[in-house]
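**Student:** no sequence for this one, just the structure:
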């Protein structure tokens, strides 16, 4: 393969985006479950947690698989 580095970068980006999609689908399910079971309004104040799980967990997994 002549262009190994761009291929690796693209594979890492695809792996990260693929895992982000599944993380966000999981978080949507958790949010929907919490909306249905908890009596208080949960639509405010949890976004920092959601962003850290939605983008941070895939970054950790991809970082471990690359390194």
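**Tutor:** Nice, I can see it. What you are looking at is a predicted structure, and each value in this text was computed from that prediction instead of being measured. Numbers count the residues shown, from 1 in each chain.
**Student:** which other helices and strands contact the lengthiest helix in the chain?
**Tutor:** Using DSSP state H to define each element, the chain has its longest helix at helix 4-37. Applying 3 or more C-beta pairs under 8 Å, 6 or more residues apart in numbering; DSSP states H and E, we find helix 4-37 packed against helix 57-66. Bear in mind the C-beta positions are built from the backbone N, C-alpha and C, glycine included.
**Student:** Quick one: list the elements packing against the helix it packs on.
**Tutor:** Applying 3+ C-beta pairs under 8 Å, 6+ apart, one finds that helix 57-66 contacts helix 4-37.
**Student:** Just checking, which helix or strand succeeds the helix it packs on along the chain?
**Tutor:** Sequence-wise, the next helix or strand downstream of helix 4-37 (DSSP states H and E) is helix 47-51.
**Student:** Report the residue spans of the chain with pLDDT below the cut-off.
**Tutor:** 1 (pLDDT under 70).
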